[in-house]
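Visitor: Fold the following.
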Amino acid sequence: MIHGNGRDLLEPCKQVKEHNISASTGAYSQARQRVPVEAVRRVAGRTFEQLHRIWPQRTLRDRLFLLDGSSIRLANTPALLKAYPQAENQYGKSHWPVMRVSVMHHVVTGLAMAPRFGPVYGPDAVSEQGLAEALIDQLPSSSVLIGDRNFGIFAVAWRAHRRGHSVLVRLTEARAKRLSGGQLTPGSDHKVIRMSEPGGSARSSGSACGSANRGSADRGAHRKGGDSLPVYNAGRTRGTGAVAV
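Guide: Okay, the predicted model is just below:
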């Protein structure tokens, strides 16, 4: 704009007529702060959809998405303290407000979906897993979700499964042992299917890729309506596991 590019887009105000356009970013910053958050979210979502549509969906790699979460320390201002309460214990409150955020990126292109965020503390505190549900709902059809062990819980896998996506997540040692029946052998695979039966009971079954242990699947996997959730529990070194759903 300063050098004349895009001048036809400007209003014919005095500054434009006198070629006196300021390079200061103050006005831009003020205007940016007045934009509703929901409007920014819609723009980001539309941008992601349009750019992702251009990318050809030929191989498995083209359907991979990486889910991650973090906590961000914010500036100590009245507005931020109101939206993001500080941590509090018997000794008082911490100084910094903290925001929790979950993000989703396309593995191949690096395209990012609009992040989901909320307070870490206070009555409206949110979890990374809870924030991830909204991101999962916005994934393109038949996507493959990759997550660390923080997302290796039934709620995340079930949400993705119901939306028609596949999941590959790490597990904590306790969850991995529960799925594998207490044994974690490097390089081993166990298939556990948890499904509902008439009368509301649940059962688990195995395949040739590993021994089945009745009741070894996550108890939270039971859902009414006869839905099934196939879970492949792969043993890994150092007592951790990976699960593909």
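Visitor: can we go C-alpha only for contacts and neighbour counts from here?
Guide: Fine.
Visitor: show me the contacts for the residue lying farthest from the centre of the chain.
Guide: Going by Cα atoms, centre = their mean, the residue of the chain most distant from its centre is Glu18, 49.4 Å out. Counting by Cα atoms under 8 Å, 6 or more residues apart in numbering, Glu18 touches no other residue.
Visitor: Residue numbering should commence at 2 henceforth.
Guide: Done: numbering now begins at 2, and the last item shifts to Glu19.
Visitor: Which residue comes closest to Arg101 once chain neighbours are left out?
Guide: Spatial nearest neighbour of Arg101, chain neighbours left out: Ser72 (4.4 Å); criterion: Cα to Cα, 6 or more residues apart in numbering.
Visitor: Roughly how far does that neighbour sit from Leu61?
Guide: Counting by Cα to Cα, to the nearest Å, the gap from Ser72 to Leu61 is 31 Å.
Visitor: Same check on Pro79?
Guide: 47 Å.
Visitor: Show me which of Ser72 and Leu61 is the more surrounded one.
Guide: Ser72 (15 against 9; other Cα atoms under 10 Å).
Visitor: That one falls within a helix, correct?
Guide: No - Ser72 is assigned strand when assessed by DSSP: H, G, I helix; E, B strand; the rest coil, not a helix.
Visitor: was I right about it contacting Val99?
Guide: Yes - between Ser72 and Val99 a contact is recorded at 6.6 Å, counting by Cα atoms under 8 Å.
Visitor: what touches both of the two?
Guide: Val121.
Visitor: Kindly provide the distance from Ala24 to Lys18.
Guide: 16 Å.
Visitor: what does Arg62 give?
Guide: 53 Å.
Visitor: Looking at the two, which is more packed in?
Guide: Using other Cα under 10 Å, the more surrounded residue of Arg62 and Lys18 is Arg62, with 13 against 10.
Visitor: who touches the closest residue to Arg64 other than its chain neighbours in this structure?
Guide: Nearest non-adjacent residue to Arg64, counting by Cα to Cα, 6+ apart: Ser144, 4.9 Å away. If a contact means Cα under 8 Å, 6+ apart, then Ser144 has Arg64, Leu65, Phe66, Gly165, His166, Ser167 as its contacts.
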